[in-house]
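A.B. asks: Kindly generate the corresponding structure for this input.
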Amino acid sequence: MAEDYRNQAIGVFELESECICFVALDAAAKAAAVKIQGVERNRLAAGACVKMRGSVSDVKAAMEAALDVARPLTKIVSHTVIASPSEDTEKAIAMTINK
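C.D. replies: Residues are numbered from 1 along each chain as shown. Reported below is the predicted structural model:
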């Protein structure tokens, strides 16, 4: 059964190294009260994308921790925090997680 993430912010970061994604998501999870929603391997390279959920302040704190750990180890491809994802955004995210 899928977890209900309604009314939660989402943080997404993509790194050039899948291995370092796990190091970064560990730092994120330890830094703030976030749940890791998914890790998706990048089809074009050896990297991956991490999606995490929680309150806006927790997601921002977790994102900062993740990027601080990743920065010296690999290239940060992109990152963002969406404070209040729309219903359509939630559907799109769920499709990438459940494919």
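
A.B. asks: what's the first-to-last distance across stretch 45-63?
C.D. replies: Terminal residues of stretch 45-63 are spaced 22 Å apart (C-alpha to C-alpha, to the nearest Å).

A.B. asks: mean confidence for that stretch?
C.D. replies: Stretch 45-63 shows a mean pLDDT of 94.

A.B. asks: For the protein, which segments are assigned as strands?
C.D. replies: Counting by DSSP state E, the chain has these strands, from start to end: 9-15, 35-41, 48-54, 76-82.

A.B. asks: Would you reformat these as TSV and include distance to residue 70 and mean neighbour count?
C.D. replies: Placement of C-beta: from N, CA and C, glycine included. Listed next are those as TSV, based on distance: least, C-beta to C-beta, whole Å; neighbours: other C-beta atoms under 10 Å:
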stretch	distance to residue 70	mean neighbour count
strand 9-15	5	23
strand 35-41	13	16
strand 48-54	10	22
strand 76-82	6	14
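
A.B. asks: Tabulate these (CSV), appending distance to residue 61.
C.D. replies: As requested, the strands of the chain are exported to CSV (distance: least, C-beta to C-beta, whole Å):
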stretch, distance to residue 61
strand 9-15, 10
strand 35-41, 14
strand 48-54, 9
strand 76-82, 10
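
A.B. asks: helices and strands around the helix-or-strand element of the chain with minimal mean pLDDT, which ones?
C.D. replies: Within the chain, judged by mean pLDDT, DSSP states H and E, the helix or strand with the poorest mean is helix 87-97; its value is a mean of 81. Where contact means 3 or more C-beta pairs under 8 Å, 6 or more residues apart in numbering; DSSP states H and E, helix 87-97 is packed against strand 35-41.
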